[in-house]
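A.B. asks: Sequence plus the predicted model coming up.
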There are 2 protein chains.
Amino acid sequence: MRLYPRYNVGMNFADHLLSKVSKSSPVVLGIDPNFSLMPSCLLPTSTSAGSVEDALVLFSKTVIDACQGLVPAVKLQSAYFEQFGTSGVRALATVLRYANEQGLVTILDVKRGDIGSTSLAYALGYLQGYTQVGTHKYVSDLESDCVTINPFLGEDSVVPFVETAKANNKGLFILVKTSNPGSSLVMDVDCDGAPISHTLGRMLDDLGRDTIGDCGYSSMGAVVGATAVEELNALRRVMPNTLFLMPGIGAQGGSVDLVKQAAQEDGLGAIVPISRGITYPKTKTTTVDAYQDAVRDAAVGFVQLIKEA
Amino acid sequence: MRLYPRYNVGMNFADHLLSKVSKSSPVVLGIDPNFSLMPSCLLPTSTSAGSVEDALVLFSKTVIDACQGLVPAVKLQSAYFEQFGTSGVRALATVLRYANEQGLVTILDVKRGDIGSTSLAYALGYLQGYTQVGTHKYVSDLESDCVTINPFLGEDSVVPFVETAKANNKGLFILVKTSNPGSSLVMDVDCDGAPISHTLGRMLDDLGRDTIGDCGYSSMGAVVGATAVEELNALRRVMPNTLFLMPGIGAQGGSVDLVKQAAQEDGLGAIVPISRGITYPKTKTTTVDAYQDAVRDAAVGFVQLIKEA
């Protein structure tokens, strides 16, 4: 009943992702379509819903094609699609499908989290890809391989995502310590002698324990900003078997050294999403082909930087 | 350039909402379409995307019509629409428009929150209803009057929503203390002698100060569960001018007495969303008309209960 066949039925998510990382790099292509930053050759030809949808898809396919062979996965920021309402969401569905067809792991950055019954509705739509009621299966065209989760509402808000992910060999990245300046307001507050981020890390370590694959890592990953200079080692100790998704390199001033530390001895423990740094290169371009070349050049450079580390 | 005219241009959101409350009740109709709980006469006629979309719209319009004159606002839980992908989101756009046409304030329960630039994308799509790039305006069909916000990422994740709401006379309800059991994990952690929920409350009180309307309340509201027995009075002291959206009555065991306390002397300080308690009445019904009557009966009873308090 799936809209399209999924690769990972029966295979541990972390193993699958890391097998792709070992064939390419730990760099994840972040897709954040922003009409204020795109070259004019990629902008919608009119303000109609159809033109907006086409432009979102064209941008996304262009950067995916530009990064072929360089990255194991894409991270789609849902906000930049939802921003345009239904037509944006339809574009998101098209891009999810395209990335999957290209053999890329899809990480849908939605940062959802709600009371249990509501979290389950999100999990079914975004991770399972269908909802079963009696003998009927209602499909979702927004199925992805992995989503990001906001744990603010506590463990009962996270568990439906964990259980749905486990049942479908999917993955999660749960926010533990984000890369923005304001993250200290809640995540750094001391809770029994350590920051709340540690409490969340311990919860995550526990919830993911039975999803540890042959690679030694769990399918329940953590978002830990590449800006978390002071917390990184302690968070790694709390979550020794957790994959870290480490945003913040580039625009937010994150550190490649921190990524190196988080990657551990096997070099597999950290993956790095990069969006603006490669999809909005400084080179001014006037054709889609020239833009694609500029994106590929930026991606090659960034992959080299991370691999050298 | 709006898809449809909006009522509140030039009018303070809190004043507008409370003028509607005073003409009806402080009860907000929660719309959480769930095929496992609906009577069979409302279920999709097939598993096709079109049938699912039609069923989501039919359910929503039916409960909106059932509650005519009884409620000032609807709270749409986005998860129960997103669950079905693009067709669910298209249904959500249709329901937002229908509720607006019926003169109801629309509260879209999306619980979004992200780094600043991403929060802005959400805010433009859900609160402003369009994105301006140069001289072009790209509209969103998911514009609502108010959204719920998750403040886990800190103040810089909330500010774009606040600023967009202010610029468009819209409203917010920011999660301060939710009604689920797990909410204690983060929200109750002590931060300088008081729970984190107080820190968030103070931030919200401050951010909303210049949106206080003639009614004495700010357009930047708080979600405070009707289950927060121990915290309620202290949270009220921290946020004297904040509207409380108080979920948890019914399925989650919340208290009507707590709503009464939160409403303050003017009786205007609290509004109560109710979903399962009225939209899935215990009376078994086999026709849409009979179902609609049962929903109206349940709504009348619940409104009476809250008004008496």
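C.D. replies: Okay, I see it.
A.B. asks: in the stretch 101-250 of chain A, which spans are strands?
C.D. replies: Counting by DSSP state E, counting those that start in this stretch, the segments of the stretch 101-250 of chain A that form strands are A:105-112, A:130-133, A:136-139, A:146-149, A:171-177, A:190-191, A:194-195, A:220-224, A:244-245.
A.B. asks: Show residues contacting the first one.
C.D. replies: Contacts to strand A:105-112, defined as Cβ atoms under 8 Å, 6 or more residues apart in numbering or on different chains, come from residues A:16-17, A:20, A:28, A:30, A:72-78, A:96, A:99-100, A:119, A:122, A:126, A:142, A:144-150, A:161, A:171, A:173, A:175, A:245, A:273, B:79, B:111-114, B:150. Backbone N, C-alpha and C define where each C-beta goes, glycine included.
A.B. asks: Equivalent analysis for stretch A:49-63, please.
C.D. replies: A:29, A:31, A:33, A:35, A:38, A:42-45, A:76, A:80-81, A:84-88, A:90-92, A:94-95, A:98-99, A:278-279, A:288, A:291-292, A:295, B:138-139, B:141.
A.B. asks: roughly how far is it from the heart of the chain?
C.D. replies: Computed by Cα atoms, centre = their mean, to the nearest Å, the chain-centroid distance of stretch A:49-63 equals 20 Å.
A.B. asks: Mind jotting down where the helices sit in the stretch 201-309 of chain A?
C.D. replies: A:232-238, A:256-263, A:276-279, A:288-308 (DSSP state H, counting those that start in this stretch).
A.B. asks: so where is the stretch 151-300 of chain A shaky, pLDDT-wise?
C.D. replies: Scanning the stretch 151-300 of chain A for pLDDT under 70 picks out A:251.
A.B. asks: need the residues of it near chain B, please.
C.D. replies: A:151-157, A:175, A:178-187, A:189-191, A:196, A:199-200, A:203, A:252 (Cβ under 8 Å from any Cβ of the partner chain).
A.B. asks: give me the number of residues near A:A309?
C.D. replies: Neighbour count for A:A309, taken as other Cβ atoms under 10 Å in any protein chain shown: 17.
A.B. asks: Please list all residues in contact with it.
C.D. replies: Counted by Cβ under 8 Å, 6+ apart, A:A309 has contacts A:256-257, A:259-260.
A.B. asks: Quick check, pLDDT for it.
C.D. replies: pLDDT for A:A309: 81.
A.B. asks: Just the buried ones from the contacts of stretch A:49-63?
C.D. replies: A:29, A:31, A:33, A:35, A:38, A:42-44, A:76, A:80-81, A:84-88, A:90-92, A:94-95, A:98-99, A:278-279, A:291-292, A:295, B:138-139, B:141 (16 or more other Cβ atoms under 10 Å in any protein chain shown).
A.B. asks: and among the helices of the stretch 201-309 of chain A, the most buried is which?
C.D. replies: Ranked by mean neighbour count, those are led by helix A:276-279 with a mean of 21 (mean count of other Cβ atoms under 10 Å in any protein chain shown).
A.B. asks: ok, the residue nearest to A:L108 when sequence neighbours are not counted - contacts?
C.D. replies: Nearest residue to A:L108, sequence neighbours excluded (Cβ to Cβ, 6 or more residues apart in numbering or on different chains): A:S144, at 3.9 Å. Each residue near A:S144 by Cβ under 8 Å, 6+ apart is listed here: A:76, A:96, A:106-108, A:126-127, A:170.
A.B. asks: do that again at 7 Å, thanks
C.D. replies: Shown in contact with A:S144 (Cβ atoms under 7 Å, 6 or more residues apart in numbering or on different chains): A:96, A:106-108, A:126.
A.B. asks: Sketch out the low-pLDDT regions of the stretch 1-150 of chain A for me.
C.D. replies: Looking at the stretch 1-150 of chain A by pLDDT under 70, you get A:1-9.
A.B. asks: What parts of it come near chain B?
C.D. replies: A:35-36, A:47, A:52, A:77, A:79-80, A:82-86, A:89-90, A:93, A:111, A:113-116, A:118, A:121-122, A:124-125, A:131, A:133, A:136-138, A:140-142, A:150 (Cβ under 7 Å from any Cβ of the partner chain).
A.B. asks: re earlier: so which of the contacts of A:A309 is the closest to chain B?
C.D. replies: A:V259 (18.2 Å; Cβ to the nearest Cβ).
A.B. asks: Among the buried ones among the contacts of stretch A:49-63, which ones are in strands?
C.D. replies: Residues from the buried ones among the contacts of stretch A:49-63 lying in strands, with DSSP state E as the criterion: A:29, A:31, A:76, B:138-139.
A.B. asks: Contacts only, for A:L127.
C.D. replies: Contacts of A:L127 by Cβ under 7 Å, 6+ apart are A:147, A:161, A:164-165, A:168, A:170.
A.B. asks: try 6 Å
C.D. replies: A:L127 makes contacts with A:164-165, A:168, A:170, as judged by Cβ atoms under 6 Å, 6 or more residues apart in numbering or on different chains.
A.B. asks: Inside helices: which ones of those residues?
C.D. replies: A:164-165 (DSSP state H).
A.B. asks: Tell me the one among the contacts of A:L127 nearest to chain B.
C.D. replies: A:T164 (11.5 Å).
A.B. asks: Nearest residue to the closest one in space, please, no chain neighbours.
C.D. replies: Closest to A:T164 by Cβ to Cβ, 6+ apart is A:A123, at 3.7 Å.
A.B. asks: neighbours around the one you found, how many?
C.D. replies: Neighbours of A:A123 using other Cβ under 10 Å come to 26.
A.B. asks: A helix includes A:H16, no?
C.D. replies: Yes: the assignment for A:H16 (DSSP: H, G, I helix; E, B strand; the rest coil) places it in a helix.
A.B. asks: Quick check: the gap between it and chain B.
C.D. replies: Using Cβ to the nearest Cβ, to the nearest Å, A:H16 is found at 23 Å from chain B.
A.B. asks: what's the span of stretch A:245-253, first residue to last?
C.D. replies: This stretch, stretch A:245-253, spans 16 Å end to end (Cα to Cα, to the nearest Å).
A.B. asks: What lies in contact with it?
C.D. replies: Residues contacting stretch A:245-253 (Cβ under 6 Å, 6+ apart): A:173, A:179, A:221, A:223-227, A:254, A:259, A:270-274, A:276-277.
A.B. asks: Now it: buried residues?
C.D. replies: Quick answer for stretch A:245-253 (16+ other Cβ under 10 Å): A:245-250, A:252.
A.B. asks: Please apply the same query to stretch A:12-20.
C.D. replies: Counting neighbours by 16+ other Cβ under 10 Å, stretch A:12-20 gives A:12-20 as buried.
A.B. asks: Can you say which of the residues of the stretch 1-150 of chain A next to chain B are buried?
C.D. replies: Applying 16+ other Cβ under 10 Å to the residues of the stretch 1-150 of chain A next to chain B flags A:35, A:47, A:52, A:77, A:79-80, A:82-86, A:89-90, A:93, A:111, A:113-116, A:118, A:121-122, A:124-125, A:131, A:138, A:140-142, A:150 as buried.
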